[in-house]
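*Asks:* Okay, here's the prediction I keep looking at, along with the sequence it came from:
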Amino acid sequence: MSGRAAPLLAALERAWRAIDRFAFAPASAMPLAALRIGLASVLLLQAAMVAPVFLDLYGRTGILQGPLNDMLARSDLLRVGWLIDGLAPLGIGEAAFVKGTGALYALALVALLLGWRARAAAALAWLTHLLLMMTADSTSYGADSYAHIFLFYLMWMPSGAALSLDRRLGRAPAGPPPTTRLSLRVLQVHLCVSYLASGLSKASGAQWWNGDAVWRSVMLPEYRQLDLSWLAQHPWIPTLAGWLVLLVEAGYAFFIWPRQTRRLWVAATVALHLGIAVFMGLVVFGVLMAVLTLALFGVSAEPCGSRGSPPTRLQRGGVPPATRGAERPAPV
């Protein structure tokens, strides 16, 4: 019986060791720090872009006034208008509250950028970002959703363990925390699933195969940045561009992991999103998505001086109970 179970137990142990290396091996916090800095920078850029029309977007007397904004909202979560009505008896005016919320959001992003109380800064940025998103729900789009998701992740992950004031002031541990690798893997897998879903969704229709989606993206008045009407004389160009988009997005989850193809896919993905920024005018979205890939797959997670790195769980004796005491096959 023991002889029959030995191969199965050995296979389980090898599988567990692979999982341990993938999710729990020591890792540098540099990718998480790059994500923190890049995300905060992009959101500060977005804040600077909307600052001149901040009251028009988020005030109850702005473009979409109170009742109309409430009617168009897709969620019943907390909004600025509700707080304005609740604080009115205290003499706090609409303009002061909206500007104060915006200033608090910007300060949280600056703290996150510098890595000062990184997790608390991420939590405050996430909360104020949620408040602003729900208030101007009709103007939110993909960039806001991705930013909100990754701000939430940064609340729980050790992004302040590198390139931060927390590290300089001694509030962060000298070495990367044990959860660093797992945190990075969660972010990477999330991004891979997102790109795979997007690529498969695009591939399910004909518009990306025949170039129509690319043509409309660069020609619609709300997105048109350059005169590309000459593409009508060369339909193979938007068709080829559509195929490349499908390849990059659908292949992301498969080609971003191997070392042989990782740099190519990082470069292709960054080029795709910079193209969106240039040709469609979606600067925040394009730069944000490029930052996510660059930070999570373009920055090395290998710890400095890996020979002296802390051992993995298995090296510390964390072998699954089913494999403890099992016969180990002799090395080949």
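*Replies:* That came through fine.
*Asks:* quick one, helices of the stretch 101-250 of the chain?
*Replies:* Using DSSP state H, counting those that start in this stretch, the helices of the stretch 101-250 of the chain run over residues 118-135, 142-156, 165-168, 180-203, 212-219, 236-255.
*Asks:* Kindly reformat the ones you listed as CSV containing mean pLDDT and distance to Phe97.
*Replies:* C-beta coordinates here come from the backbone N, C-alpha and C atoms, glycine included. Shown next, in CSV, are those (pLDDT from 0 to 100; distance: least, CB to CB, whole Å):
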stretch, mean pLDDT, distance to Phe97
helix 118-135, 92, 11
helix 142-156, 96, 21
helix 165-168, 94, 29
helix 180-203, 97, 34
helix 212-219, 94, 38
helix 236-255, 97, 41
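*Asks:* Now mean neighbour count and distance to Ala111 too, for the ones you listed, in JSON lines please.
*Replies:* Below are the helices of the stretch 101-250 of the chain laid out as JSON lines (neighbours: other CB atoms under 10 Å; distance: least, CB to CB, whole Å):
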{"stretch": "helix 118-135", "mean neighbour count": "21", "distance to Ala111": "4"}
{"stretch": "helix 142-156", "mean neighbour count": "19", "distance to Ala111": "12"}
{"stretch": "helix 165-168", "mean neighbour count": "17", "distance to Ala111": "9"}
{"stretch": "helix 180-203", "mean neighbour count": "18", "distance to Ala111": "20"}
{"stretch": "helix 212-219", "mean neighbour count": "18", "distance to Ala111": "37"}
{"stretch": "helix 236-255", "mean neighbour count": "18", "distance to Ala111": "32"}
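*Asks:* So which of those is nearest Phe285?
*Replies:* helix 142-156 (3.9 Å; CB to CB).
*Asks:* Can you tell me what sits against stretch 43-63?
*Replies:* For stretch 43-63, the external contacting residues (CB atoms under 8 Å, 6 or more residues apart in numbering) are 66, 69, 80-81, 84, 94-95, 98-99, 101-102, 105-106, 109-110, 113, 125, 129, 132, 135-136, 139, 143, 147, 283-284, 287.
*Asks:* now the particular helix or strand that has Ala23 in it, how far from the centre of its chain.
*Replies:* Per DSSP states H and E, Ala23 falls inside helix 2-24. Distance of helix 2-24 from the chain centroid (CA atoms, centre = their mean, to the nearest Å) equals 32 Å.
*Asks:* what's it packed up against?
*Replies:* In terms of contacts (3 or more CB pairs under 8 Å, 6 or more residues apart in numbering; DSSP states H and E), helix 2-24 is packed against helix 180-203.
*Asks:* List of residues touching the helix it packs on?
*Replies:* 22-29, 31-32, 35, 149-150, 153, 156-158, 161, 208-209, 213, 245-246, 248-253, 256, 269, 292-293, 296-297, 301.
*Asks:* how about 6 Å then?
*Replies:* The contact list for helix 180-203, computed with CB atoms under 6 Å, 6 or more residues apart in numbering, reads 23-25, 27, 29, 31, 157-158, 208, 246, 249-250, 252-253, 296, 301.
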